[in-house]
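Asker: With the input below, show me the fold.
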Amino acid sequence: MIDELTFNQLKVNKALERDWKLILEILKETELIIGFTGKENYKDFYIVIDINQKIIACFAIYIENNIGILKYFAVNPKIQSKGVGKYLANEILPGLAKGLGLTKLYLAAGNKDPFTSFYFWQKTAFKQISKNDIKDKYFLNYFSDVINKFSNYFGDSSAFYIEI
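Answerer: Numbering: from 1, shown residues only. So this is what the prediction gives:
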């Protein structure tokens, strides 16, 4: 079981091919796999490993120049609401993004099942941004595509970012 005392023992690693099956299981359990385009693979993902060496979360970061897009941020449903996601968002992602040379890390957050992360991201260090205020074309193109494909789940103010 995860508690605050073990957060500092979580490890984030670049995913390996052998991790792909477990990543897909977490994404299926959280229903985030619905957003797959078919181009995803383990090389885009990071895994979060607990003290028992089990994968408890995963996410992908896509990068163009110094701008990153966080996609498929998923925590195993069995341990959701225990603070793991918030710890990753506030403590791990900013440092990882800095290590990757990013100046901003963006994400799109939905507000209806299965994309229900909007309210979660409002409680993190990430800041909400309106589509009209997005200046980075890499994310703006992605975000526009998300809105077009999933208009029932995402709106013009469903974007968040953090400056690194």
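Asker: Could you list the low-pLDDT ranges of the chain?
Answerer: Residue ranges of the chain with pLDDT under 70: 1-5, 114.
Asker: so where do the strands sit in it?
Answerer: 11-14, 45-49, 55-64, 67-75, 104-108, 127-129, 159-163 (DSSP state E).
Asker: Could I get the ones you listed in JSON lines, plus columns for distance to Glu29?
Answerer: For the C-beta atoms, the positions are set from N, CA and C on the backbone; glycine is no exception. Shown next, in JSON lines, are those (distance: least, Cβ to Cβ, whole Å):
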{"stretch": "strand 11-14", "distance to Glu29": "20"}
{"stretch": "strand 45-49", "distance to Glu29": "15"}
{"stretch": "strand 55-64", "distance to Glu29": "11"}
{"stretch": "strand 67-75", "distance to Glu29": "8"}
{"stretch": "strand 104-108", "distance to Glu29": "20"}
{"stretch": "strand 127-129", "distance to Glu29": "27"}
{"stretch": "strand 159-163", "distance to Glu29": "23"}
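Asker: right, and these - which one's nearest Asn90?
Answerer: strand 159-163 (9.2 Å; Cβ to Cβ).
Asker: residues making contact with the closest one?
Answerer: Outside strand 159-163, the residues within contact range by Cβ atoms under 8 Å, 6 or more residues apart in numbering are 93-94, 97, 103-109, 121, 124-131, 134, 139, 143.
Asker: quick one: the residue nearest the centre of the chain from Glu40, how far?
Answerer: Central residue of the chain (Cα atoms, centre = their mean): Phe73, 2.9 Å from the mean position. Relative to Glu40, Phe73 is positioned 14 Å away (Cβ to Cβ, to the nearest Å).
Asker: And for Asn66?
Answerer: Counting by Cβ to Cβ, the gap from Asn66 to Glu40 is 22 Å.
Asker: Of those two, which one has the most company?
Answerer: Glu40 (19 against 14; other Cβ atoms under 10 Å).
Asker: Tell me how many other residues surround the residue lying closest to that one once chain neighbours are set aside.
Answerer: In space, Glu40 comes closest to Ala60 once its chain neighbours are excluded; the distance is 6.9 Å by Cβ to Cβ, 6 or more residues apart in numbering. Neighbour count of Ala60, defined by other Cβ under 10 Å: 21.
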